[in-house]
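In: no sequence for this one, just the structure:
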């Protein structure tokens, strides 16, 4: 079973055989897959077409994949978020955590099975679309939340400060923030956070901590002494502030 057919995937990998293998496999499962062999080629293809997910190798011949992901994340502030999944041969945990901090929604380490790639893609795309697919009608979900000088618009997925400046959120950060905004003042366990983001394997146990840290850096006055998103030792996390629901 696949997601909807004709979702567009951009595969960026300088390894010709790996790139073709992924393209053919994804095409056989109902996706439209394009391939790029370099950062420069990927930049041109990404600018010309709307993709639903990017599979991005970190080791490209003309640049590091993290630099390319950072560039795209900046563009996504105005164009909307597109999930990015790293393909890497790096197994060091510090490198992998750094990749998540730089905006990846997930990563997969070589060598991998094609079935695992597909399963992870489905999970990432499902998380990316989970909130926007929810109905935004009065009596169900608001269009926006206002808290501690911030406004999160669910339609545009934008987080705005009181001075109207915007702060970019990755899909994972957005979904985590919505989870907390829907349960203010309540302790949410790490297991519930894993469930809410539809993560399914061990790496996400660590990734949740990274995403919490990343979210704090964006919404807290002092991320080292968080006042909004607090840790309850041995229990989980709690979002401790007044929240206003907005319908527009």
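Out: That came through fine. Bear in mind the structure is a predicted one, so any value in this text is a computation, not a measurement. Residues are numbered from 1 along each chain as shown.

In: which SS state does residue 118 fall under?
Out: Classification of residue 118 by DSSP: H, G, I helix; E, B strand; the rest coil places it in helix.

In: Do I have it right that it meets residue 28?
Out: No: using CB atoms under 8 Å, residue 118 makes no contact with residue 28, being 10.1 Å away. Bear in mind the C-beta positions are built from the backbone N, C-alpha and C, glycine included.

In: who has more neighbours, these two?
Out: Neighbours per residue, other CB atoms under 10 Å: of residue 118 and residue 28, the larger number sits with residue 118, 17 against 11.

In: Not including adjacent chain positions, what is the nearest residue to the more buried one?
Out: Spatial nearest neighbour of residue 118, chain neighbours left out: residue 29 (6.2 Å); criterion: CB to CB, 6 or more residues apart in numbering.

In: Domain map for this structure?
Out: Listed domain ranges for the chain are 8-130, 144-246 (source: automatic domain parsing).

In: Mind putting the ones you listed into JSON lines with mean pLDDT?
Out: Shown next, in JSON lines, are the domains of the chain (pLDDT from 0 to 100):
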{"stretch": "domain 8-130", "mean pLDDT": "84"}
{"stretch": "domain 144-246", "mean pLDDT": "84"}
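
In: which residues touch residue 185?
Out: 238, 239, 240 (CB atoms under 8 Å, 6 or more residues apart in numbering).

In: Backbone dihedrals for the second one, both of them.
Out: To tie it back to what came earlier, the one meant is residue 239. Phi and psi for residue 239, reported as degrees, to the nearest 10, are phi -100, psi 110.

In: Surely it is in contact with residue 182?
Out: No: under the criterion of CB under 8 Å, residue 239 makes no contact with residue 182, lying 9.2 Å away.

In: and these two? which has more neighbours close in?
Out: Neighbour totals were compared for residue 239 and residue 182, and residue 239 leads with 23 against 15 (other CB under 10 Å).

In: Quick check: closest non-adjacent residue to the more buried one.
Out: The shortest distance from residue 239 to any non-neighbouring residue, by CB to CB, 6+ apart, is to residue 180 (3.7 Å).

In: so which helix or strand takes in that neighbour?
Out: helix 171-181 (DSSP states H and E).

In: Which neighbouring elements make contact with the very next helix or strand once past that helix?
Out: With elements assigned by DSSP H and E, the helix or strand that comes after helix 171-181 is strand 187-188. Contacts defined by 3 or more CB pairs under 8 Å, 6 or more residues apart in numbering; DSSP states H and E place strand 187-188 against strand 236-239.

In: Flag every buried residue along the helix holding residue 180.
Out: 171, 172, 173, 174, 175, 176, 177, 178, 179, 180, 181 (16 or more other CB atoms under 10 Å).

In: where's the fourth one relative to residue 185, distance?
Out: With distances taken as CB to CB, to the nearest Å, residue 174 is found 21 Å from residue 185.

In: now do the second one
Out: Look at residue 172 and residue 185: by CB to CB, they are 23 Å apart.

In: and if you look at the first one?
Out: According to CB to CB, residue 171 and residue 185 sit 25 Å apart.

In: Kindly confirm my reading that residue 25 forms part of a helix.
Out: Yes: counting by three-state DSSP, residue 25 is located in a helix.

In: Could you find the closest non-adjacent residue to residue 68?
Out: In space, and not counting its chain neighbours, residue 68 is closest to residue 39: 5.0 Å by CB to CB, 6+ apart.

In: shouldn't the one you found be in contact with residue 57?
Out: No: if you go by CB under 8 Å, residue 39 and residue 57 don't touch, sitting 9.8 Å apart.
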